[in-house]
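# please work out how this folds:
(chains A, B and C)
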Amino acid sequence: MIAAMGLIAMQTARLSFRHGGGAFVGLVFFLAVVTVVPFAVGPDLRLLARIGPAVLWIGALLATLLGLDRLFRDDHDDGSLDLFVLADLPLELTVLAKCAGAWLATGLPLVVATPVLGLLLGVPPAPLALTTATLLVGTPALTLIGAIGAALITALGRGGLLVAVLVLPFTIPVLIFGVSATALGGPVAVTDPLLILVALTLISAVVAPLAAAAALRGGLD
Amino acid sequence: MALVDLANPTRFLSYSARLLPLTWGLAAVLMAVGLYLSFFASPPDYQQGETVRIMYIHVPSAWLSMLGYAVVAVAALGTLVWRHPLADVTAKSAAPIGAVFTFLALVTGSLWGKPMWGAYWVWDARLTSELVLLLIYLALIAVWQAVDEPGRAARAAAVLALVGAINLPIIKFSVDWWNTLHQGESIFRVGGSTIDPSMLRPLFVMMGAMTLLYASLLMMAMRNEILRRRLRTLEITVAATGEAGGAEAVRAEAGG
Amino acid sequence: MSSHVGFIVAAYLVAAVVLAGLVGWIVVDGRVLRRRLADLEARGVRRRSLAGGRR
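As a prediction, this is how the structure comes out:
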């Protein structure tokens, strides 16, 4: 069973890295968002450093959500989705494996790019390290929550922005605690929000596969 | 008259037809009494003056925005777990109504806030949670709009509604936490830490009036939805088989 | 405090307008649906359950 899940995860990741697979575009979108912000707020480095962790988080959030609409789309189109539903491996675990693969291909590169992009925003080393850490913990949650939206739009036959619209409210707690965990020397110790963030990721690892599987099944009749 | 009898859409139509005059009538009476009490029989707040009267519509609206979501969530359970025939109808009808009351809570909250805080919106915990609730309602409505076939739309919307139900406590907790972290100027309190009893009476009457209004609107919207489904079935059959075939039209979907 | 009357009036007015709009929308929607169902019925298209008894 674990082997099957590993296979699905690796396959998902590999397909995403291929031409037109979406991994690269997500990363470029992340860079684009981070680049656009200074044009809007001005190049004052103190301001940028202060909002830097938040901008990185928002960029990662958008890059993740907007790239997830194809998570189940290809499987739906070529019939693999029906096979997944009928297979021995529970659909929920298949979804979990696909999310793992999607995170490896889209989420992890975002985390790796964060230190570099943080430099663009002038974020000091300590908050930047924290931002990278919180994104490492939090982007899986974003992928998982986004998968619920992806499953819904696959069932509905729509796409794109609708994924973000459907699940954005549910990513707000992740965003709140993710950014709060970067605020060194703030009113709250950083460990509290960080632990809550871990909890949120774990909760979404349970709830999201259940919900996404239910959505996929509901859309197949 | 078992509760399961209500499951039959036709029965629901006849029961609701009998209930509606009652609920409307009661709502009207309570509204009249409530408005009188709100304006003429309750004192201004010692802190907020006359503007506290806005509370008498803001609090009921907020309460109904949450009750409305509970209705959607329970209906969603009915769709997914029990495949209750009326559950789909309830969920679809309750979503826009709940959204309207959420919107009303936001607007009245904002109008209450301007004289108090000096700004129409200050991202305080309660109003921000209401805003997120509105987003969730709008997402649900988007799902209902996106699919023609009522059964599939119902199942998709039901999944989203239940995910929302699970998330709402988490969101509420997160927003409260976030708000205390970024504590601004004044803390928003309704009439001090406790509400004077002379204010409770108009508040409860208005709550009752608006809840009855909600129930009336929900029943009417559900009746519309049942008719809409019948219409859809008939029109599909006419399109498929012509008028002669339509004359033997299939019975309206029992399961949605 | 009388300068705040505007806000109170605005709040109750918005509530009245929005709720009236909601009622209106539901009522009008119902009328349109009933008319279209009546049209179909007039053309001889019926629900099978009307011809026989309940299932």
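
# can we go C-alpha only for contacts and neighbour counts from here?
Noted.

# what pLDDT does the model give residue B:188?
With respect to pLDDT, residue B:188 scores 47.

# please disregard the earlier target; I meant residue A:183.
85.

# now residue B:195
65.

# go on, residue A:179?
93.

# isn't it up against residue A:54?
Yes. Between residue A:179 and residue A:54 there is a contact at 5.8 Å, judged by C-alpha atoms under 8 Å.

# compare the two (neighbour count), which wins?
Counted by other C-alpha atoms under 10 Å in any protein chain shown, residue A:179 and residue A:54 do not tie: residue A:179 has more neighbours, with 25 against 19.

# secondary structure element holding the more buried one?
helix A:161-180 (DSSP states H and E).

# packing partners of the very next helix or strand once past that helix?
Where DSSP H and E defines the elements, the next helix or strand beyond helix A:161-180 is helix A:191-218. Counting contacts by 3 or more C-alpha pairs under 8 Å, 6 or more residues apart in numbering or on different chains; DSSP states H and E, helix A:191-218 is packed against helix A:91-102, helix A:125-156, helix A:161-180, helix B:150-181.

# tabulate those (CSV), appending distance to chain C.
Output for the helices and strands packed on helix A:191-218, formatted as CSV (distance: least, C-alpha to the nearest C-alpha, whole Å):
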stretch, distance to chain C
helix A:91-102, 37
helix A:125-156, 25
helix A:161-180, 24
helix B:150-181, 16
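
# could these be laid out in TSV, adding distance to residue B:55?
Shown next, in TSV, are the helices and strands packed on helix A:191-218 (distance: least, C-alpha to C-alpha, whole Å):
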stretch	distance to residue B:55
helix A:91-102	45
helix A:125-156	36
helix A:161-180	27
helix B:150-181	21
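
# pull the helix or strand with minimum mean pLDDT from chain C.
Using mean pLDDT, DSSP states H and E, the weakest-scoring helix or strand in chain C turns out to be helix C:48-51, at a mean of 52.

# where does the chain have low pLDDT?
Going with chain A. For chain A, residues meeting the criterion pLDDT under 70 lie at A:19-21, A:159-160, A:221.

# hm, I was asking about chain C
In chain C (pLDDT under 70), the answer is C:1-3, C:45-55.

# where exactly do the helices run in it?
Under the criterion DSSP state H, chain C contains helices at C:5-42, C:48-51.

# tell me what the longest one is packed against?
The helices and strands touching helix C:5-42, judged by 3+ C-alpha pairs under 8 Å, 6+ apart, are helix B:85-117, helix B:197-246.

# 10 Å - rerun?
helix B:55-77, helix B:85-117, helix B:197-246 (3 or more C-alpha pairs under 10 Å, 6 or more residues apart in numbering or on different chains; DSSP states H and E).

# just want the residue of the stretch 1-150 of chain B that's nearest chain C.
Nearest residue of the stretch 1-150 of chain B to chain C: residue B:108, at 5.3 Å (C-alpha to the nearest C-alpha).

# for that residue, give its distance to chain A.
Remark: distance between residue B:108 and chain A (C-alpha to the nearest C-alpha, to the nearest Å) = 22 Å.

# what sits against that residue?
Residues near residue B:108 by C-alpha atoms under 10 Å, 6 or more residues apart in numbering or on different chains: B:54-59, B:61-62, B:102, C:7-8, C:10-15.

# quick one: buried residues of the helix or strand residue B:12 falls within?
Using DSSP H and E, residue B:12 falls within helix B:9-40. If you call a residue buried by 16 or more other C-alpha atoms under 10 Å in any protein chain shown, then helix B:9-40 has these buried ones: B:9-10, B:12-13, B:16, B:20, B:23-24, B:26-28, B:30-31, B:34-35, B:37-38.

# now do that helix: distance to the chain's middle.
Relative to its parent chain, helix B:9-40 has a centroid offset of 16 Å by C-alpha atoms, centre = their mean, to the nearest Å.

# could you list every helix and strand that that helix packs against?
By 3+ C-alpha pairs under 10 Å, 6+ apart, helix B:9-40 packs against helix B:55-77, helix B:85-117, helix B:197-246.

# dump those into CSV; add distance to residue A:66 as well.
As requested, those are exported to CSV (distance: least, C-alpha to C-alpha, whole Å):
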stretch, distance to residue A:66
helix B:55-77, 27
helix B:85-117, 25
helix B:197-246, 33
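
# tally of neighbours for residue C:43?
The number of residues near residue C:43, taken as other C-alpha under 10 Å, comes to 13.

# neighbours around the residue nearest to residue C:37 when sequence neighbours are not counted, how many?
Spatial nearest neighbour of residue C:37, chain neighbours left out: residue B:231 (6.1 Å); criterion: C-alpha to C-alpha, 6 or more residues apart in numbering or on different chains. Each residue near residue B:231 was counted by other C-alpha under 10 Å, and the total is 20.

# I figured residue B:8 hits residue B:84, correct?
Yes. Counting by C-alpha atoms under 10 Å, residue B:8 does reach residue B:84; the two are 9.4 Å apart.

# over to the residue of chain A positioned farthest from its centre: give its phi and psi.
Residue farthest from the centre of chain A, counting by C-alpha atoms, centre = their mean, is residue A:44 at 29.2 Å. Reported as degrees, to the nearest 10, the phi and psi values for residue A:44 are phi -60, psi 110.

# touching, it and residue A:38? I think so.
Yes. Contact criterion C-alpha under 10 Å: residue A:44 and residue A:38 qualify, at 8.2 Å.
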